[in-house]
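Visitor: how would this look folded up:
(chains A and B)
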Amino acid sequence: MIEISGLRKTYRSRKGSVTAVDGVDLHVGEGAVFGVLGQSGAGKSTLLRCVNMLERPDAGTVRVGGQEMTSLRRKQLRIARHGIGMIHQHFALLSSRTVAGNVAFALEVTGAPRAERKARVAELLELVGLTGRADAYPAQLSGGQKQRVGIARALAARPKVLLSDEATSALDPETTDSILRLLLDLNRRLGLTILLITHEMTVVKRICTSAAVMRDGRFVESGAIADLLRAPGSELARDLFPLDGPTAVDGATVVDVTVSGPEADEPIIAELARRFAADVRILGGSVETLAATRAGRWRIALPGGAEDNREALEFLRERGVLS
Amino acid sequence: MTWSEVFELLTGGLRETAWMVGVSALLTAVGGLLLGVLLVLTDKGRLRPVNVVLGAIVNVGRSLPFIILLVAVIPFTRAIVGTTIGTDAAIVPLTIGAIPFFARIVESALREVPPDVVAAATAMGATRRQIVGKVLLREALPGLVAGLTITVIALVGYSAMAGVVGGGGLGDLAIRYGYQRFETEVMIATVIALVVFVQLVQMVGDLLVRRLSHR
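Guide: Next comes the predicted model:
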């Protein structure tokens, strides 16, 4: 649904130039929820804004629904944008309009006839659970309600793609949860493809099927969550499941084990203990249900040095869980 | 001077002030809005040179003392109104003096609109006209009305100098009768009338702003 290749964007100012996006390739399949994870300043926001041409890339191609965005003329671009919804960290609602007015604005922009607007607004407000708040002004709403308005507005023109710019970063954990649930629900019910940027692990855990870790304008790793977690040395695995147990124990070999997919619920540790008659100790770890998969990660200690545990380690490596 | 004479002077002056300020405020609102929007739209991109030129013109207008402007635009006034004296003639310099003032207020009010709100409208596929009309101007409306209130009150102040070109009005009364002829009653009466006038303008402005603002 979204295909980006070789994307590059540099900001030039008198103080010098900053390359915000430095050669990013990205593929988001139809109906996928793709999360780009990174610290502020990593270039995520620029990347997202290049998808709907809020920022013009210096190089590379951006295709949304098969349409090359960089080559569109102004009018074509406006029409293409109707098919790409966007939600924002600080909601970006019109303070002078009511909830219904804000949603109606999106319909006015697309040129929907007045007669259709009212029914469609009511439909959208019901979709996001805001029926009854139609006449409230944004200033009277909570953060979560404001973001619901933002979502209703973004969906007004029945887009296939939703871009989410840190949509839950200004919300408390509980509200974040309810917004993520709503996004996941929309993804499933409407087949909405979602590309989101965030610095919050929970967002990736809760709704993403694929993700990328971005740093200094580049993707450090990217792919399906289940695959990423399994990859040795995966940063995403480390970030999603931080292990705080000791990294070295006297007279023992400490290793980290990451499991994902169906094997997450297999008794790997028990098997290890049984087969090699090892008194495995778990130093830290957790198992969680992610949107994409179930996954777990442990730090375990095997008695004896690396040499004593060669076979045990080989077993773990073979199972592809050693990280 | 009897109180009824003072009263007659006052109502005449008030009518002239209201006319001068009213018409020039209306023209200023239109001109200032246009200029302010242009200043914001040309701020970045290819039209930047236009912005520099407009900005310079605005600054020149803002730096001239009104009394000098009043005299300096006399030829222009004659071309437009056909005469250089009287209330109608005073409207021309008042408007010319107030447009740059209000344009800067419009510019800063429009800049107060959060950039991500404009970005959101752009991302929705809004046209530039929709963004100016439905986002920028509409969102800035409370600020624009507050700014217009300030401008109208400044115009009341400027209009006191309109007496120089025979424009009349309350300020002119205060100067001619109160200051030059030592008619203290007239002076006090005009000052009170001016205070009430300004208070009323401010009250109406505040009321409107409160009605319009939903922040």
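Visitor: Helices along chain B, start to end?
Guide: B:3-41, B:48-63, B:66-72, B:74-81, B:87-111, B:115-124, B:128-130, B:138-159, B:170-173, B:184-212 (DSSP state H).
Visitor: now the longest one against helix B:48-63, angle please.
Guide: What it means is helix B:3-41. Put simply, helix B:3-41 runs at 160 degrees to helix B:48-63, going by axes from the mean of the first three to the mean of the last three Cα atoms, to 10 degrees.
Visitor: Can you spell out which helices and strands pack onto helix B:3-41?
Guide: With contacts defined as 3 or more Cβ pairs under 8 Å, 6 or more residues apart in numbering or on different chains; DSSP states H and E, the packing partners of helix B:3-41 are helix B:48-63, helix B:87-111, helix B:138-159, helix B:170-173, helix B:184-212. C-beta: built from backbone N, CA, C; applies to glycine.
Visitor: Give the full set of residues in contact with B:Thr42.
Guide: B:Arg48, B:Val50, B:Asn51, B:Leu54 (Cβ atoms under 8 Å, 6 or more residues apart in numbering or on different chains).
Visitor: Go again with 10 Å.
Guide: For B:Thr42, the contacting residues are B:Arg48, B:Pro49, B:Val50, B:Asn51, B:Val52, B:Val53, B:Leu54, B:Gly55, by Cβ atoms under 10 Å, 6 or more residues apart in numbering or on different chains.
Visitor: Tell me the pLDDT of the last one.
Guide: Just to be clear, that refers to B:Gly55. What the model reports as pLDDT for B:Gly55 is 94.
Visitor: do the same with the third one
Guide: pLDDT for B:Val50: 93.
Visitor: looking at it, it is touching B:Val40, isn't it?
Guide: No. Using Cβ atoms under 10 Å, B:Val50 makes no contact with B:Val40, being 11.8 Å away.
Visitor: out of these two, which sits in the busier spot?
Guide: B:Val40 (20 against 14; other Cβ atoms under 10 Å in any protein chain shown).
Visitor: where's the lowest-mean-pLDDT helix or strand in chain B relative to the chain centroid, distance-wise?
Guide: The weakest-scoring helix or strand in chain B, judged by mean pLDDT, DSSP states H and E, is helix B:170-173 (a mean of 85). Mean-position distance between helix B:170-173 and its chain equals 18 Å (Cα atoms, centre = their mean, to the nearest Å).
Visitor: Tell me the helices and strands packed up against that helix.
Guide: If you count contacts as 3 or more Cβ pairs under 10 Å, 6 or more residues apart in numbering or on different chains; DSSP states H and E, helix B:170-173 packs onto helix B:3-41, helix B:138-159, helix B:184-212.
Visitor: quick one on the thing from earlier: so which of the contacts of B:Thr42 are also by chain A?
Guide: Among the contacts of B:Thr42, no residue sits close to chain A (Cβ under 10 Å from any Cβ of the partner chain).
Visitor: Let's have the residues you listed in TSV, adding distance to A:Val51.
Guide: Shown next, in TSV, are these (distance: Cβ to Cβ, whole Å):
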residue	distance to A:Val51
B:Arg48	27
B:Pro49	32
B:Val50	31
B:Asn51	30
B:Val52	34
B:Val53	36
B:Leu54	35
B:Gly55	35
